[in-house]
Each structure stands twice: as structure tokens, then as C-alpha cells.
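Asks: Fold the following for me, if possible:
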Amino acid sequence: MSRVGQYAVFTDVAIFDAVRTPWVDLGGALSQVSPIDLGIKVGREVLARAGIEPQAVDSVLAGSMAQASFDAYLLPRHIGLYSGVPQAVPALGVQRICATGFELLRQAAGQLRDGVQLALCVAAESMSRNPIAAYTHRGGFRLGGEVQFKDFLWEALYDPAPAIDMIATADNLARLYGLSREAVDRYACDSHQRALQAQRDGTWAKELVTVDNQVFELEGYQPRRITLARQTSAVHEDSHPRPTDLDALARLRAVHAGGVQTAGNSCAVVDGAAAALVGRAGDCARPALARLLASAVVGVAPEHMGIGPAPAIRLLLQRSGLSLGDIGRFEINEAQAAQVLAVAQELELDSTRLNVHGGSLALGHPLAASGLRLVMTLARQLRQHNLRYGIAAACVGGGQGMALLIENPAYRA
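Replies: Take a look at the predicted model:
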């Protein structure tokens with residue numbers, strides 16, 4: 001029996017509401033903030049916006065990739081406690097690298113089958129606080145011995161199995177699918193222009209929460225706080241979208257000789273957090289943001305990891321009985337421009353339904369949090385345009401792909 005991945009279908013599962021912080025560039029205003037505190041911020045905010053008391057939550061699920069604070073082991077638990085969730089409610093850490101945000105929703109839906117009524121899902125990533133790490137020095141240093149420290153953030157881009165970095169995996173896809181440097185730059189340019197237009201139009205406003213300097217109190221325990229860097233008093237919007245053109249992108253040097261990927265057509269490195277509330281659709285007191293219908297996750301060759309969304313989306317459609325034509329919008333994470341174009345070519349996607357407000361090339365990709373951002377952005381598009389179904393998907397370092405199928409609960413035929 002051939003194995004093509006994992007598929008799960010969900011009944012009566014809804015995303016009540018979802019929010020995120022602005023995505024802020026590496027070294028920017030959020031650079032000194034622990035991902036735990038970013039997670040507390042969005043955890044509190046999503047409960048407030050949904051009009052739900054923290055006491056109603058009976059499961060906390062949280063994800064973050066890098067250990068970006070000394071208390072990183074406690075991230076899920078402290079996000080729950082400082083968000084006001086009762087002490088008796090347990091917390092679980094979730095990790096699927098770039099698809100962690102999706103996996104949080106998948107795990108929450110599974111817990112609902114086991115009796116959970118309401119799950120708080122939080123993803124927080126501080127790329128700026130990725131450490132310079134040493135893993136072999138517990139026993140001390142020998143005279144003349146090797147002293148090895150490495151940049152955790154840089155090393156996270158490298159896969160030692162095929163012995164190539166993530167940029168090279170996108171270059172592999174560019175060769176495999178015949179993608180030119182001009183085509184890749186053009187896609188990146190479009191992503192930036194779409195994101196800038198969406199920012200001007202206020203498209204992101206409903207999903208964003210302003211982050212400012214504040215203290216989180218918890219009776220009987222030490223306070224936690226957000227202290228913004230660069231003498232910033234508040235952060236209101238994503239910092240990376242910027243005007244660009246094809247000439248500017250074309251002047252950038254490729255990361256690898258003969259490749260098509262550059263700093264301009266690869267995802268931005270940013271800090272940020274996102275949160276969602278997942279419960280039974282029948283229990284939602286107000287119209288839910290989206291219904292969560294199904295998930296699919298697959299494995300692919302590590303050297304072609306960026307193609308992962310294609311087989312994941314195929315599995316999702318095959319098992320759900322839907323076709324590409326039934327899907328009103330696709331949000332596919334833009335790890336690299338060549339990677340998204342390869343997926344679009346493989347599936348023969350209609351470009352007018354793909355990442356219509358831009359994507360991670362323009363906004364940035366805070367690893368664990370991107371999946372939740374993709375889903376909330378997608379859900380609001382479906383509602384705005386009265387579309388029924390949407391798919392959010394992402395590739396995953398190491399060679400995986402994951403996709404979620406959501407439905408607009410307000411759809412009218």
C-alpha cells in the first residue's frame with residue numbers, strides 16, 4: 001500500500017476569531033521582545049475581540065521554532081497563564097516548522113473530537129532573538145580544542161541531509177520547472193505591489209493588533225512585559241512592504257551562482273505572533289471567521305522541499321471531493337518566489353486566485369506564525385467576496401507540505 005500523506009476531515013469545527021501582531025523586520029521594534037510576550041499579547045487580544053472570557057478556554061496550543069528566550073521551554077504554559085486561562089487548563093507545544101500555524105489548528109480540531117470545547121492557538125516567532133549557539137561545550141574547552149559557535153538563524157536555513165540551503169532548494173525547482181530570473185523577479189515585484197496596495201486599502205486592519213510597551217500582570221506571579229526597541233512607542237502595521245520595481249530587483253545578485261533566488265525575491269525575515277480561537281461551530285455566539293473542514297500533510301524530497309504544497313493540495317482535493325475550480329482563493333506561503341511559481345505551475349493554478357494581497361515576500365515569514373496569518377487572511381477574503389472555499393498551504397523545511405481547507409460560514413449561493 002502506497003502512502004501519500006495524512007488527511008483529516010473535521011466536523012463542526014470553527015475558527016471563532018484570529019488576530020496577529022504586525023510583522024516587523026529583523027532588528028526592528030520587536031527585536032528585544034520575547035516570543036512568549038508576543039504570544040501573550042495576541043492571546044489576550046483574540047479573546048477580547050471574540051468577546052470570550054479566558055475561563056472558557058480548556059486547551060492551550062502554542063508554537064515557536066527557535067529558543068529565543070531563556071525560558072523558552074515554558075512558552076506554551078506561560079502564554080496560557082498570562083492570557084488569563086485557568087491554571088487547571090493544560091498547554092501543549094506544537095512544531096512543524098513553517099507549517100506550525102496550520103498544525104496548531106489541526107491539533108485543536110483533533111482535541112475537539114476528544115471533548116475539548118475551546119482551544120486557544122498561539123504562534124510566536126522572534127527571528128531577531130535567534131541565538132548564537134554552542135552544542136558541544138557542556139564538558140568545557142580543551143587546550144587547543146575546537147571552539148564552535150554558530151548562528152542559529154543562519155543554520156536554520158541549511159538542511160544537512162541533501163547538504164544544501166533552502167535557497168538552493170528553490171533554485172532546484174527553478175531549473176526543474178524552467179523558471180527564469182525575470183519571471184521570478186516579476187512575481188516578487190507583484191507581491192510587493194499587492195501588499196502595498198492592501199496596506200493602503202486597510203486590508204490587514206481587521207487582523208492586526210497594535211503592539212505597545214506594556215506589562216502583563218498575573219496575581220501571585222512575576223509580571224511580564226513588552227519593551228519595544230529603537231525608542232518606539234507603538235507598532236501599528238507591517239514594516240517590510242516597500243515600493244520596488246523590476247529594475248531594482250534585477251540588480252540584486254543571486255545567492256548562488258547560476259541561480260535565480262536573491263534577497264529581493266525570497267521571504268523577508270521578521271518577528272511577529274498570531275492567535276486563533278478554535279471551537280465547535282454550533283457553540284459560536286457570533287458568526288465564525290471560518291469553518292475548518294480538512295487538512296493534508298505530505299512528505300517530499302528535501303532537495304525539492306518547496307514543491308510540498310502541490311501534493312498536499314492535491315491530496316486535500318482528492319479526499320474532499322472538490323476540484324481546483326471550487327476553490328475561490330489560495331494562500332500559499334511565499335518562502336521563495338521560484339518555489340511558489342513551481343507550485344502554481346505544477347497545479348496549473350489561476351494566478352488571479354493566488355495570494356491576491358501579496359505574501360511573505362513582501363510581508364515576511366515569522367516561521368511558526370505564518371500559517372495562522374495565511375488562514376486568517378484567506379478567511380477574510382472569502383467573506384469579503386462571498387466565496388465558499390479556500391485553501392491555505394505552505395512548504396516545510398526538510399521536505400514536507402501542508403494544506404488546510406476552510407469554508408466561509410457566511411457564504412450565500
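Asks: Give the residue spans of the stretch 1-150 of the chain that score low on pLDDT.
Replies: Applying pLDDT under 70 to the stretch 1-150 of the chain flags residues 1-3.
Asks: again, only this time at 50
Replies: 1 (pLDDT under 50).
Asks: I'd like the mean pLDDT over the longest helix anywhere in the chain, please.
Replies: Identified as the longest helix of the chain according to DSSP state H is helix 181-201. Regarding helix 181-201, the rounded mean pLDDT is 97.
Asks: Need the contact partners of it.
Replies: Defining contact as C-beta atoms under 8 Å, 6 or more residues apart in numbering, one finds that helix 181-201 is touched by 174, 204, 237-238, 241-246, 249-250, 254, 260-262, 264-265, 334, 337-338, 340-341, 355-359, 361-363. From N, CA and C alone the C-beta is placed, and that goes for glycine too.
Asks: list the buried ones in that helix?
Replies: Neighbour counts over helix 181-201 (16 or more other C-beta atoms under 10 Å) mark 181, 183-196, 198-199 as buried.
Asks: go on, stretch 238-257?
Replies: Residues of stretch 238-257 classed as buried: 238, 239, 240, 241, 244, 249, 254, 255 (neighbour count, 16+ other C-beta under 10 Å).
Asks: could you measure residue 373 against residue 134, distance?
Replies: Using C-beta to C-beta, to the nearest Å, residue 373 is found at 33 Å from residue 134.
Asks: For stretch 22-41, measure first residue to last.
Replies: Stretch 22-41 has its terminal residues 12 Å apart, counting by C-alpha to C-alpha, to the nearest Å.
Asks: swap in stretch 280-288?
Replies: For stretch 280-288, the end-to-end distance is 10 Å (C-alpha to C-alpha).
Asks: Stretch 355-362 now?
Replies: So stretch 355-362: terminal residues 11 Å apart, C-alpha to C-alpha.
Asks: One more: stretch 152-170?
Replies: Note: stretch 152-170 ends 21 Å apart using C-alpha to C-alpha.
Asks: Check stretch 228-238 too.
Replies: One end of stretch 228-238 sits 15 Å from the other (C-alpha to C-alpha).
Asks: Please list all residues in contact with residue 65.
Replies: Taking C-beta under 8 Å, 6+ apart as the definition, contacts of residue 65 comprise 95, 97, 100, 125, 156, 367, 368.
Asks: Packing partners of the helix or strand hosting residue 373?
Replies: Assigned by DSSP states H and E, residue 373 falls within helix 370-384. Helices and strands touching helix 370-384, as assessed by 3 or more C-beta pairs under 8 Å, 6 or more residues apart in numbering; DSSP states H and E, comprise strand 13-20, helix 100-113, strand 118-125, strand 270-280, strand 290-299, strand 327-332, strand 389-396, strand 400-407.
Asks: Please state the mean pLDDT value computed over it.
Replies: For helix 370-384, the mean confidence score works out to 98.
Asks: Quick one: distance of that helix to the chain centre.
Replies: Distance of helix 370-384 from the chain centroid (C-alpha atoms, centre = their mean, to the nearest Å) equals 11 Å.
Asks: cool, stretch 90-102 as well?
Replies: 10 Å.
Asks: Next, residue 409: secondary structure please.
Replies: At residue 409 the chain is in coil, as set by DSSP: H, G, I helix; E, B strand; the rest coil.
Asks: hang on, isn't it packed against residue 281?
Replies: Yes - at 6.9 Å, residue 409 counts as touching residue 281 under the criterion of C-beta atoms under 8 Å.
Asks: what's the burial count for the residue lying closest to residue 234 once chain neighbours are set aside?
Replies: Excluding the flanking residues, the one nearest residue 234 by C-beta to C-beta, 6 or more residues apart in numbering is residue 212, at 4.1 Å. Residue 212: 14 surrounding residues under other C-beta atoms under 10 Å.
Asks: Residue 142 too?
Replies: 8.
Asks: Kindly report the same for residue 43.
Replies: 30.
Asks: Quick one: residues in contact with stretch 358-366.
Replies: 23, 25, 98, 124-127, 187-188, 190-196, 198, 238, 240-242, 265-273, 331-335, 337, 340, 370, 373.
Asks: mean confidence score for that stretch?
Replies: Stretch 358-366 comes out at a mean pLDDT of 97.
Asks: And that stretch, what's buried?
Replies: In stretch 358-366, counting by 16+ other C-beta under 10 Å, buried: 358, 359, 360, 361, 362, 363, 364, 365, 366.
Asks: Closest one of the residues you listed to residue 68?
Replies: Using C-beta to C-beta, residue 366 comes nearest to residue 68 of the buried residues of stretch 358-366, at 10.7 Å.
Asks: Can you tell me how far the closest one is from residue 143?
Replies: On the measure of C-beta to C-beta, residue 366 and residue 143 end up 42 Å apart.
Asks: Residue ranges in the stretch 301-413 of the chain under the pLDDT threshold?
Replies: Ranges of the stretch 301-413 of the chain meeting pLDDT under 50: none found.
Asks: So for residue 226, what pLDDT did the model give?
Replies: 98.
Asks: Quick check: phi and psi at it.
Replies: Taking degrees, to the nearest 10, you get phi -110, psi 120 for the backbone angles of residue 226.
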